[in-house]
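Student: Show me the folded form of this:
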Amino acid sequence: MTLEDALAELPGGRSRTIVKVDAEGSECEILARPTALERVDVLLVEWHSKTASCSREMLIERVTAAGFELIGTAEPLRFERR
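Tutor: Numbers count the residues shown, from 1 in each chain. Now for the predicted structure:
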């Protein structure tokens, strides 16, 4: 199931959507499509340096370009919708 599919199954009228991605190296692929994050308010990402297909900086750039702000630098990376 993709992130977009999972989010599409959420009922309407929600207050906040918090997503944690711990995908053992697939986090870059999961977050490659900014539309996957449209319904997300808070995003927590465990970045796996040895298996990820992009750099930590590239992942941060990708998520911030989708309208999020990085909150702190500790793991997991925490992003909140601007």
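
Student: The residue of the chain most remote from its centre and Thr35: what is the separation?
Tutor: Largest separation from the mean C-alpha position in the chain: Gly13, at 21.3 Å (C-alpha atoms, centre = their mean). Distance from Gly13 to Thr35, counting by C-beta to C-beta, to the nearest Å: 21 Å. C-beta here means a position set from N, CA and C on the backbone, and glycine is covered the same way.

Student: again with Phe79
Tutor: Taking C-beta to C-beta, one finds Phe79 at 16 Å from Thr35.

Student: more neighbours, those two?
Tutor: Between Phe79 and Thr35, counting by other C-beta atoms under 10 Å, Phe79 is the more crowded of the two (25 against 10).

Student: OK, contacts around the more buried one?
Tutor: Phe79 makes contact with 42-45, 63-64, 68-71, according to C-beta atoms under 8 Å, 6 or more residues apart in numbering.

Student: nearest to Leu31, of those?
Tutor: Distance to Leu31 across the contacts of Phe79 (C-beta to C-beta) is lowest for Val63, with 6.1 Å.

Student: residues of the helix or strand containing that closest one that come out buried?
Tutor: Assigned by DSSP states H and E, Val63 falls within helix 56-65. Buried residues in helix 56-65, counted by 16 or more other C-beta atoms under 10 Å: 56, 59-60, 62-63.

Student: Filter the contacts of Phe79 down to the buried ones.
Tutor: The neighbour-count criterion (16+ other C-beta under 10 Å) marks 43, 45, 63, 68 among the contacts of Phe79 as buried.

Student: For the last one, give me the pLDDT.
Tutor: Okay, so that is Phe68. Note on Phe68: pLDDT of 96.

Student: Now do the same for the closest residue to it other than its chain neighbours: its pLDDT.
Tutor: In space, and not counting its chain neighbours, Phe68 is closest to Phe79: 3.8 Å by C-beta to C-beta, 6 or more residues apart in numbering. The model reports Phe79 with a pLDDT of 97.
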